[in-house]
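Chemist: Quick one, fold the following:
(3 chains)
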Amino acid sequence: GLQGGARAAKPQKELSPEEQQELRRKINSRERKRMQDLNVAMDALREVMVPYESHAPGAPPGRRLSKISTLVLARNYILLLGSSLQEMRRLLGEVSIGMGVNAGPVPRLLFAGGWPLIAGPGQLLLT
DNA sequence: TAGGCCATCTGGTCCT
DNA sequence: AGGACCAGATGGCCTA
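Modeler: Numbers count the residues shown, from 1 in each chain, chains lettered A, B, ... in the order given. Here you go, the predicted structure:
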């Protein structure tokens, strides 16, 4: 019988060592391409995070963000945007109650200029 | 030199 | 069947 189960599908035809080598080369090449595409996406995200560069945990000024820092910081920033939106809606609600929907100045949203530092040095927490 | 970060290879599993 | 996705292993490079 088939010891260990018949799950592993064996190739229709046995491959010669040369063919095996060629197959490996193709698989490796695809994997490299996949990881390179991932890195292109990571760079695009990094580009949007440049204001963080000098604040990256453990990163001296001018140092590019590591992958992990890029992801953690991006997540934190998204979270911050979410709460900012929530706060903005709350303020807008106050204005419309006090002055009517179409009247009055729109409350100024105060952004501190640049990106808030969410994760300080040594803080790489996913919470 | 130890630790962090990274690219690559590899074998396994999942999906089309 | 073949490609995509994933995680473990390994070795190189760099910095404190």
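Chemist: helices and strands around the host helix or strand of residue A:22, which ones?
Modeler: Per DSSP states H and E: residue A:22 is located in helix A:17-48. Using 3 or more Cβ pairs under 8 Å, 6 or more residues apart in numbering; DSSP states H and E, the elements in contact with helix A:17-48 are helix A:67-99. (Each C-beta comes from the backbone N, C-alpha and C, glycine too.)
Chemist: and the helix it packs on, does that touch DNA strand C?
Modeler: No. Counting by Cβ under 7 Å from any atom of the strand, DNA strand C has no neighbours in helix A:67-99; the shortest distance is 12.4 Å.
Chemist: picking up where we left off before, compute the inter-axis angle for the helix holding residue A:22 and helix A:67-99.
Modeler: Orientation check (axes from the mean of the first three to the mean of the last three Cα atoms, to 10 degrees): helix A:17-48 against helix A:67-99 gives 40 degrees.
Chemist: Contacts for stretch A:18-27, please.
Modeler: residue A:15 (Cβ atoms under 8 Å, 6 or more residues apart in numbering).
Chemist: Residue numbers of chain A in contact with DNA strand B?
Modeler: A:7-8, A:24, A:27-29, A:31-32, A:35-36, A:39, A:58, A:66-69.
Chemist: and if we set it to 6 Å?
Modeler: A:7, A:24, A:27-28, A:31-32, A:35, A:39, A:58, A:66-68 (Cβ under 6 Å from any atom of the strand).
Chemist: Now the helix holding residue A:22: buried residues?
Modeler: A:42, A:46 (16 or more other Cβ atoms under 10 Å).
Chemist: so, in contact with DNA strand C or not, it?
Modeler: Yes. Applying Cβ under 6 Å from any atom of the strand, one finds helix A:17-48 touching DNA strand C at A:30-31, A:34.
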